[in-house]
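Colleague: just to be clear, the model below is a prediction. Sequence and coordinates:
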Amino acid sequence: MKEIYFSIKEAAEILGVSTLTLRNWDKSGKFRASRHPMNNYRVYKLSALEDIINDIEGGTNKSNAEKKIKKLIIKHEED
């Protein structure tokens, strides 16, 4: 199955943080971004976003962030 990636803006929206926070987390090693092979922009794997959401929330129940992920996946599949 093909891995789904999100831009830094989309990932920030899903996690409810700013893009600057994600850049800082990447620099400090807290939450590493992958890099787009053509332009070297930060991109975030769906699986990595799900992992950090589970870490933050203790893996309890569905959150608003998980609902946003599903909406963005649908949007990506339509494009």
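Modeller: Right, received. Where do you want to start? Residues are numbered from 1 along each chain as shown.
Colleague: quick one: the helices in the chain?
Modeller: In the chain, the helices defined using DSSP state H lie at 8-15, 19-28, 46-57, 64-78.
Colleague: quick one: the third one to chain centroid distance?
Modeller: Centre-to-centre, helix 46-57 and its host chain are 8 Å apart (Cα atoms, centre = their mean, to the nearest Å).
Colleague: what helices and strands are in contact with it?
Modeller: If you count contacts as 3 or more Cβ pairs under 8 Å, 6 or more residues apart in numbering; DSSP states H and E, helix 46-57 packs onto strand 5-7, helix 8-15, helix 64-78. Heads up, the C-betas are built off the backbone N, CA and C, glycines and all.
Colleague: repeat that for the second one.
Modeller: The elements that helix 19-28 packs onto, with contact taken as 3+ Cβ pairs under 8 Å, 6+ apart, are helix 8-15, strand 42-45.
Colleague: that one vs helix 8-15, what angle?
Modeller: Orientation of helix 19-28 against helix 8-15 (axes from the mean of the first three to the mean of the last three Cα atoms, to 10 degrees) gives an angle of 100 degrees.
Colleague: who touches helix 19-28?
Modeller: With Cβ atoms under 8 Å, 6 or more residues apart in numbering as the test, helix 19-28 has contacts from I8, K9, A11, A12, L15, K30, F31, R32, A33, R42, Y44.
Colleague: for this protein, name the helix or strand with the lowest mean pLDDT.
Modeller: helix 64-78 (a mean of 64; mean pLDDT, DSSP states H and E).
Colleague: residue ranges with poor pLDDT in the chain?
Modeller: Scanning the chain with the threshold set as pLDDT under 70 gives 1, 59-79.
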